[in-house]
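Participant: only geometry, no sequence info:
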């Protein structure tokens, strides 16, 4: 928010220049020359972008195109197809879209993203940020440290911690046993719930940081004014605060969605996508097909689909929530 | 901090067009950055030097370090010392890969696809030889073997185990193995069962398991490997030990067609479903643990947690003095019984045999040195020591005749007798992929997610896709 306000200031100055005293209109020839010169400067302005463009093409666009090409072959780690991969057109995609495992995996991915990112991390992060706004410094520090700790852990460590917590003889069941609750094998009987909770635990800190920062930029006067006008806390939240941070919400949603779509280590360590594919989201499914079952072409097709899903989510957020990116 | 500004920064690289187009392209790039699943590089084919001429003074030897037995590592270390002593200036680097069997195959394949990482010598499961030779990972050894006097000592089926689909030899066999039912005599005594137990058919195995479940609670009655995590152990020690005891088979070697929709396949899956769903086996959770492949022999058996287990002849290798799970009393506690056929029909019993080889990489820059390493690892003396220390079954005549081998556990008794009724896995390069689908079918029925009928249908569809409809035949 702050940057956009600052960014607008020179513009305001510029507009002020146009409405400057009539005496300046005598310089109209210069003014006419000024417009084309700005147009001429555009290609030159692009020059500093060339290195970035080249880097993006080589390291982002290149792999994306290469991965798409790979998905049109029968490349493999085993047998003849490893030596001479053949171009097979859209065979991998046809196989993919007729496979019940893929349908299952796609559904699990959506459940995982919506459950752990859109609902879990996002809502919990916002709720914590709001509560911390109104609490004293000690509680705020304690809470943010606790939440941040899981974010700072390396993925492997966090995943092992979750495995140890949810597994059959893990911490959760020992706590449950203390209260006389019979043990429940989370990783086997409710693997999706376990990995969703684990990802919420691990990722909430990010949303918390985004929202804490956004809330600091909401001027207190506006909230105060709403209160004076008789708005209750819920109205103040939904009619004042949330609209004012909507751009941060959109950015946060987009980032955590893309992050969550690609979560691999956490699920792999906790459940390996099992049992029988009951927690195999698309990254797990792609890895299993490509690396364990050696079907590189097929696995790449899954990765390409994952890429498209990420793009669709992003376009959706851009269209619906119109974040700052278009300004 | 305001993270919402970071996105426009990301976009700086994309210019031109209207804002929507720009944002869509940028989004795809950003998604690509974050998801970041890259493609694999192709293989590099120009690494080998001129024929017989080594262009390097060092070789790498890649092998699997897994489970309780370290006889392989000891053998390779002795061969390394020998080669380095015989040829000063030459260097042998041992590169262990710590992974289960599926992880090892993947890592090895990835190394073989990369020009700089490709190993010179590799430890290779015999069922992977054909598929890896087809993939162009392995170098044909025929020219070297023709000059190597010891090659005549190898038994014919051991020579065949190292052959590719083109009939050339790509691997030299280390040892072979058989499979049978291991059982714990102490637990059998507690359940009032015969210490010289020998079941006649599958029903008797199930009855015995029921008895143990009733009489000795807390003990796992029967372990049969199953599911994707156990990998090839599930296909071979588990499923194929059942299937090859029915009237059906995986692959009809005469017509060279894969069998689909057979009754034997369904019956074997039904056996798996029964033991896992009726509490005669480990819980599916235990069976799908990533360590299951080693834990049965190194923990459950010595700790008396499992009464019966269909397992390989090599497992005492982990219990021998100096190995990972030393267990001096094992000979008093454990016994073996032959695996019966489904109904006890002739030839009454069944077994499966596999084994491992050492192979030379197609991209090796020092194939001569690699072959010298193989010869050092395969002297009569070294081969005997390895077979005895790993509880393997010998594959060469001069080892079979060695008194040290004749005293070892795998050279007599049940595990040696079943050589007469043993089977080998289909000798085709598609087998590893078919095997993965056997594991998928097993996992689906053991967890109760699919009925046997549904699992058979899914397997048939997968096999038809892998080998093509024209290469399948309907089962009896």
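Facilitator: That came in fine, so what should we check first? Predicted model, so just to flag it, every value in this text is computed and none were measured. Residues are numbered from 1 along each chain as shown, chains lettered A, B, ... in the order given.
Participant: from here on, just use CA atoms for contacts and neighbour counts.
Facilitator: Noted.
Participant: and the stretch 251-400 of chain B, which residues reach chain A?
Facilitator: Along the stretch 251-400 of chain B, the residues adjacent to chain A under the rule C-alpha under 8 Å from any C-alpha of the partner chain are B:285, B:288.
Participant: and the residue of the stretch 51-200 of chain A nearest chain B?
Facilitator: Among the residues of the stretch 51-200 of chain A, residue A:79 lies nearest to chain B; the distance is 4.3 Å by C-alpha to the nearest C-alpha.
Participant: what pLDDT is listed against that residue?
Facilitator: At residue A:79, the model reports a pLDDT of 82.
Participant: for it, list the residues it contacts.
Facilitator: Residue A:79 makes contacts with B:130, B:131, B:132, B:133, B:134, B:135, B:429, B:430, as judged by C-alpha atoms under 8 Å, 6 or more residues apart in numbering or on different chains.
Participant: report the lowest-confidence entry in the residues you listed.
Facilitator: residue B:429 (83).
Participant: which residue ranges of the stretch 51-200 of chain B form strands?
Facilitator: Counting by DSSP state E, counting those that start in this stretch, one finds strands in the stretch 51-200 of chain B at the ranges B:58-64, B:91-97, B:121-125, B:171-176, B:179-184.
Participant: export these as TSV, with columns for distance to chain A, mean pLDDT and mean neighbour count.
Facilitator: Below are the strands of the stretch 51-200 of chain B laid out as TSV (distance: least, C-alpha to the nearest C-alpha, whole Å; pLDDT from 0 to 100; neighbours: other C-alpha atoms under 10 Å in any protein chain shown):
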stretch	distance to chain A	mean pLDDT	mean neighbour count
strand B:58-64	16	95	21
strand B:91-97	16	94	17
strand B:121-125	13	95	24
strand B:171-176	16	94	26
strand B:179-184	25	95	25
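Participant: looking at those strands, spot the one closest to residue B:445.
Facilitator: Each of these has some distance to residue B:445 by C-alpha to C-alpha; the shortest is strand B:179-184, at 22.2 Å.
Participant: now do the closest one: which elements does it pack against?
Facilitator: Of the remaining helices and strands, those touching strand B:179-184 by 3 or more C-alpha pairs under 8 Å, 6 or more residues apart in numbering or on different chains; DSSP states H and E are strand B:306-312, strand B:334-337, strand B:339-340, strand B:349-353, helix B:414-417.
Participant: buried deepest among the ones you listed, which one?
Facilitator: strand B:339-340 (a mean of 28; mean count of other C-alpha atoms under 10 Å in any protein chain shown).
Participant: so which other helices or strands are in contact with that strand?
Facilitator: In terms of contact count using 3+ C-alpha pairs under 8 Å, 6+ apart, strand B:339-340 is assigned the packing partners strand B:179-184, strand B:349-353.
Participant: average pLDDT for the last one?
Facilitator: Spelled out, it's strand B:349-353. Averaging pLDDT along strand B:349-353 yields 95.
Participant: need the contact partners of that strand.
Facilitator: Residues outside strand B:349-353 that contact it (C-alpha under 8 Å, 6+ apart) are B:176-180, B:236-237, B:240-241, B:244-245, B:338-341, B:418-419, B:421-425.
Participant: show me how to select, in ChimeraX, the buried members of those residues.
Facilitator: What follows is the ChimeraX syntax selecting those of these that are buried according to 16 or more other C-alpha atoms under 10 Å in any protein chain shown:
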select /B:176,177,178,179,180,236,237,240,241,244,245,338,339,340,341,418,419,422,423,424,425
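Participant: buried ones in stretch B:233-253, by neighbour count?
Facilitator: B:233-251.
Participant: how far off centre is that stretch?
Facilitator: Here the centre of mass of C-alpha atoms in stretch B:233-253, compared against the chain's by C-alpha atoms, centre = their mean, to the nearest Å, lies 15 Å away.
Participant: what's the answer for stretch B:236-255, then?
Facilitator: So, by C-alpha atoms, centre = their mean, the centroid of stretch B:236-255 is 17 Å from its chain's centroid.
Participant: show me which residues of the stretch 151-300 of chain A are close to chain B?
Facilitator: For the stretch 151-300 of chain A, the residues in contact with chain B under the definition C-alpha under 8 Å from any C-alpha are A:188, A:210, A:213-214, A:247-248, A:251-252, A:258-259, A:261-262, A:275-276, A:291-294, A:296, A:300.
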